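**Student:** sharing a model prediction with you, sequence too.
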Amino acid sequence: MVWVNAVVQGILLGGLYALFATGLSLVFGVMRLVNLAHGDLIVLAGFLGVVFTHDLGWNPLLTLVVIVPLLAALGFVGQLAILNFTLDSGLSPLLATFGLSIIVQNTLLEQFSADQRGLSAGTIETDSIRISNEISLGWFPLTTFLVAVVLLVGLQLVIRWTRLGRALRATSDDRRAAQLVGIDNRVVYAVAMAISLATVAIAGIFLGVRTSFAPTTGPTRLLFAFEAVIIGGLGSLWGTLVGGVALGIAQTVSAQISPGWGVLGGHLFFLAVLLLRPRGLFARADAS
Amino acid sequence: MSCFYGDFQALFDVSLHVDEGETVAVIGANGAGKSTLLGTVAGLLRPARGEVRFAGAPIGRQPAFRRVGRGISLVPEGRRLFPSLTVRENLLLGAQARRRGPWNERRVFEVFPLLEAIASRSASALSGGEQQALAIGRALMANPRLLLLDELSLGLAPIVIQSLYAALPSIAGEGTTVVLVEQDVGRALAAASRAYCLLEGRISLEGPTSELTREQVTGAYFGV
C-alpha cells in the first residue's frame, strides 16, 4: 500500500508541476520561445502573494484575484516591448529571457532578502481525506491537481474552439501566412504571453502555499516545468499534464525507495524519456 | 517602384496600375519579379523606392495584416495553408479581418463545391488542387476589393487548373479586382482583360489582352 500511496501522492504533486509547465508549454507552442525567466516569474508571483498576505492579511488564494491580472498585464506588455523584438531580429530570445531571469532574481533578493518565505492558507494546508490507513489525500494537493486539470482542459478548449485559439494555432503554424489573413502576430504573441503569465501567477501562489521558497528558487521550478513539458512532448498541452504527473510519480516513488532520491529519480526518469522517446510522449505530429 | 532582396535588385522602377473591377494578368518567366511585385502590394515586402497606392491612399508603410483589413488579399505562392487546422478553420481564419461583403463560408462552398465535402479534414491532407481552392477560398473570406493570385496553376494537373480558372468569373462578378500572376501565359491572357509582362524586373509589355499578338508576347516574355 505504501507504493500505491507514493503513486497517488505523485499524481497530486504532478498537478503542481503541470501548473508550473502550462505557461512554458503554451508559449513554446505558439512562438517557439523558451522562457528562461519562467521559474523566476513563478517565484515573483509567490513574493507578490507574500506582500498581500503578510502586509494586508489576505488569504493567499484570494490574492489570485489581483496577481493573475497583474502578471497577465506584465506578460502582455513585456512581450510587446521586449520579447517581440528578439523574435524579429534573430537575437536569441534565450538571452533576453535569461537576462530577465537574472533581473527578477536580483530584484527579489534586494527587496525580500534571501530568507525562505511561505504563504499560509489556513487549515486547508493540513486537512486531508483519509482513504485507508496508509493513503490519505491532502485537500490542498488535491485542489492543486484539480486546478491544474481545469486550467489545462480550459486552455485546450479555448485553443480548439475559439477565434483566439484559431489565431494562436495559425500563427504557430506560419506567422507570415497569419499576417496574410489579417492577424498581427505580435499581438497574438502578447496574448499568449499574457495567458502564460496568468498561469504563472496561479503556479506561484500554489507553490508558496505548498512549500517555502526564496528568490533563488526559480531555476529549479523552471527545470521541473521544462522536464514536464519535454516528457509530455513539446507543444502539446495534454502532454504537459501527463508529463507533470509522470514527473511527480517518478519523484515520489523514488523518494519511497529512499527519501533522498526523490528529485534525482525525477531527473533520471526525464533522461530515460529523452533516450527512449526523444520527442516526448505526446509530440505533435507536425512539430519538426 | 524598385525592390531589393539584400543587394539583389528584383524590380527596376516598375510602375503599374489596376482599375477597380478589372482582371489583370502579370506574366513573365521564372525570376522575372512577379512574386516580388505581388508581395510588395500585399505588404510582405517594402519597396526600396517608390510607393504603393490603394484606393487613392499610400499604403507602402502598412504591414500586411493591416492591408487585409483595407481589402487586399494575397493567395501566396505555395498556398501557405495552416496545416494543423481543418479546411473549415482555414476558411474561418480568412474572415479574421472581419470585413463585410458577399463572401462567406456558404458562398465559398458554392464556388468550390469540392471544399464542402472535405470541410472537417486537416489542411495537411489535401491534394494540390484542393489546397489551391482552399487558399483562394481563405482569401475570399476576407472579402477583398483586390485579390492577388500568385501562380495559381503551379504544379497542378490541367483539368484542376481549368476548374480553378472556371471560378474566376464568379469572383470578378462580385466586383472584386483580380491580379493574376502566371507562368501559364495562354491561360492568364484568356482570363484577363489587360496584361503586363515582366522581364528581368522590368515591364517589357503592357496592354489589353485582345490587342496583344503572339509575337509581341513571345518577344516580351523571352526578351528576344
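**Tutor:** Here it is on my side, so go on. Numbers count the residues shown, from 1 in each chain, chains lettered A, B, ... in the order given.

**Student:** count the neighbours of residue B:222 for me.
**Tutor:** Residue B:222 has 10 neighbouring residues, counting by other Cβ atoms under 10 Å in any protein chain shown. All C-beta atoms are positioned from the backbone trio N, CA, C, and that covers glycine.

**Student:** same deal with residue B:199?
**Tutor:** Neighbour tally, residue B:199, other Cβ under 10 Å: 18.

**Student:** and residue B:21, by the same measure?
**Tutor:** Neighbours of residue B:21 (other Cβ under 10 Å): 14.

**Student:** check contacts around residue 119.
**Tutor:** No chain was given, so I picked chain A. Residue A:119 makes contact with A:46, A:49, A:50, A:53, A:60, A:205, A:208, A:209 under the criterion Cβ atoms under 8 Å, 6 or more residues apart in numbering or on different chains.

**Student:** my bad, the chain I had in mind was chain B
**Tutor:** Contacts for residue B:119 (Cβ under 8 Å, 6+ apart) come out as B:86, B:87, B:88, B:109.

**Student:** between the contacts of residue A:119, which has the most around it?
**Tutor:** Neighbour-wise, the contacts of residue A:119 (other Cβ under 10 Å) top out at residue A:46, 32 neighbours.

**Student:** now for the helix or strand hosting it, which elements pack on it?
**Tutor:** Under the criterion DSSP states H and E, the helix or strand holding residue A:46 is helix A:38-50. With contacts defined as 3 or more Cβ pairs under 8 Å, 6 or more residues apart in numbering or on different chains; DSSP states H and E, helix A:38-50 has these neighbours: helix A:2-31, helix A:60-78, helix A:93-112, helix A:185-210, helix A:218-232.

**Student:** could you report the distance from the residue nearest to residue B:174 when sequence neighbours are not counted to residue B:119?
**Tutor:** Closest residue to residue B:174 apart from its sequence neighbours, by Cβ to Cβ, 6 or more residues apart in numbering or on different chains: residue B:102 at 4.8 Å. From residue B:102 over to residue B:119 the distance is 20 Å, taken as Cβ to Cβ, to the nearest Å.

**Student:** what does chain A put close to chain B?
**Tutor:** By Cβ under 8 Å from any Cβ of the partner chain, the part of chain A that sits against chain B consists of A:163, A:166-167, A:169-170, A:172-174, A:176-185, A:284, A:286.

**Student:** for ChimeraX, what selects the buried ones among those residues?
**Tutor:** Applying 16 or more other Cβ atoms under 10 Å in any protein chain shown to the residues of chain A next to chain B leaves a buried subset, and the ChimeraX line that selects it is:
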select /A:166,167,169,170,172,173,174,177,178,179,180,181,182,183,184,185,284
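
**Student:** count of neighbours near residue B:29?
**Tutor:** Using other Cβ under 10 Å, residue B:29 has 15 other residues around it.

**Student:** contacts only, for it.
**Tutor:** B:183, B:199, B:221, B:222.

**Student:** one more pass at 7 Å, please.
**Tutor:** Neighbouring residues of residue B:29 by Cβ atoms under 7 Å, 6 or more residues apart in numbering or on different chains: residue B:221.

**Student:** angles on the backbone of it, please.
**Tutor:** Phi and psi for residue B:29, reported as degrees, to the nearest 10, are phi -70, psi 170.

**Student:** got a pLDDT number for it?
**Tutor:** Note for residue B:29: predicted pLDDT of 87.

**Student:** for it, give its distance to chain A.
**Tutor:** From residue B:29 across to chain A, the span is 25 Å (Cβ to the nearest Cβ, to the nearest Å).

**Student:** re earlier: any chance of a markdown table for the helices and strands packed on helix A:38-50, columns mean pLDDT?
**Tutor:** Shown next, in a markdown table, are the helices and strands packed on helix A:38-50 (pLDDT from 0 to 100):
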| stretch | mean pLDDT |
| --- | --- |
| helix A:2-31 | 94 |
| helix A:60-78 | 96 |
| helix A:93-112 | 95 |
| helix A:185-210 | 97 |
| helix A:218-232 | 94 |
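
**Student:** assign a three-state SS to whatever residue of the stretch 101-250 of chain A ends up closest to chain B, would you?
**Tutor:** Chain B sits closest to residue A:182 of the stretch 101-250 of chain A, with a gap of 3.3 Å, by Cβ to the nearest Cβ. Using DSSP: H, G, I helix; E, B strand; the rest coil, the structure places residue A:182 in coil.

**Student:** and it, its phi and psi?
**Tutor:** phi 100, psi 20.

**Student:** hang on, the earlier thing: would you list the helices and strands packed on helix A:38-50 in a markdown table and tack on distance to residue B:92?
**Tutor:** Formatted as a markdown table, the helices and strands packed on helix A:38-50 follow (distance: least, Cβ to Cβ, whole Å):
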| stretch | distance to residue B:92 |
| --- | --- |
| helix A:2-31 | 18 |
| helix A:60-78 | 25 |
| helix A:93-112 | 30 |
| helix A:185-210 | 15 |
| helix A:218-232 | 28 |
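
**Student:** between these, which gets nearest to residue B:137?
**Tutor:** helix A:185-210 (21.9 Å; Cβ to Cβ).

**Student:** gap between that closest one and the chain center?
**Tutor:** 8 Å (Cα atoms, centre = their mean, to the nearest Å).
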